[in-house]
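Novice: Any chance you could fold what I've pasted below:
(one chain, ligands or ions: 3)
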Amino acid sequence: MDNDILKVLYSKSEIQEACERLGKEIKDFYGDKVPVVIGVLKGSIFFMTDVIRDADMYMELDFMDVSSYHGTTESSGNVELVTDISTDIAGRDVLIMEDIVDTGRTLQFLIDTLNDRGAKSIKVCTLLDKPAGRVVEAKSDFTGFEVPNEFVVGYGLDYDEKYRNLPYIGVLKPEIYTNN
Ligand code: 5GP
Ligand code: MG
Ligand code: MG
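Specialist: Numbering: from 1, shown residues only. Ligands and ions are numbered 1, 2, ... in the order given. This is a model prediction of the structure:
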């Protein structure tokens, strides 16, 4: 897999440091509250487990899977719920764990959906924020790194479902896209 990477953006140790920082920020923010932490599949799995392992606090975990359909050149904006959480979040403090916020459409859909179910509060923790990609308003409360407007893979993020298990975050060589 390493041969397919043009450049490394964040090393394994830089990611680990960011996760420890975020774990502390989340623990400080919630205090004695017991949030429901919702991981958005599949991109957030490594990030979620690394962040919460360092947050010494009570929490409940659940997972959601959403898919967005993309047109040939641009995201169409349709987001669909594929797998739902099983937790009743009415009156609960919810923390969404995301891999990356790009257009913001996924996050907007998740926040609207969880708000409709009566969540008491909704906060967002994302590994990566790509502000240049924003189409709708969406903001992260706890952010690992701000990334430039490039397509990145690794540490949960895929290209064609591969590269998720890369231990760092990098940019793919252009020939990987053109050969496919
Ligand atoms: P949105 O555009 O709705 O904010 O993000 C939707 C999803 O697009 C993200 O959760 C992620 O799965 C995918 N995505 C956006 N930018 C990138 C990127 O640079 N790399 C990868 N692998 N996925 C991305
Ligand atoms: Mg995602
Ligand atoms: Mg993907």
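Novice: Do stretch 55-66 and ligand 1 come into contact?
Specialist: No. Stretch 55-66 stays out of contact with ligand 1 when judged by Cβ under 6 Å from any ligand atom, the minimum separation being 8.1 Å. To be clear about C-beta, it is placed using only N, CA and C from the backbone, and glycine gets the same treatment.
Novice: tell me how far the ends of that stretch are from each other?
Specialist: End-to-end distance for stretch 55-66, by Cα to Cα, to the nearest Å: 26 Å.
Novice: what comes up buried for that stretch?
Specialist: 55, 57, 59, 63-64, 66 (16 or more other Cβ atoms under 10 Å).
Novice: Of these, which is the nearest to D102?
Specialist: Using Cβ to Cβ, V66 is the member of the buried residues of stretch 55-66 that sits closest to D102, with 13.3 Å.
Novice: which other helices and strands contact the helix or strand hosting that closest one?
Specialist: Using DSSP states H and E, V66 maps to strand 60-70. Using 3 or more Cβ pairs under 8 Å, 6 or more residues apart in numbering; DSSP states H and E, the elements in contact with strand 60-70 are strand 36-41, strand 75-83, helix 105-116.
Novice: I'd like to know which of those lies nearest to Y177.
Specialist: Nearest to Y177, of all these, is strand 75-83, at 16.8 Å by Cβ to Cβ.
Novice: The next helix or strand after that closest one - what's its average pLDDT?
Specialist: Following strand 75-83 in sequence order, the next helix or strand is strand 93-101 (DSSP H and E). Regarding strand 93-101, the rounded mean pLDDT is 98.
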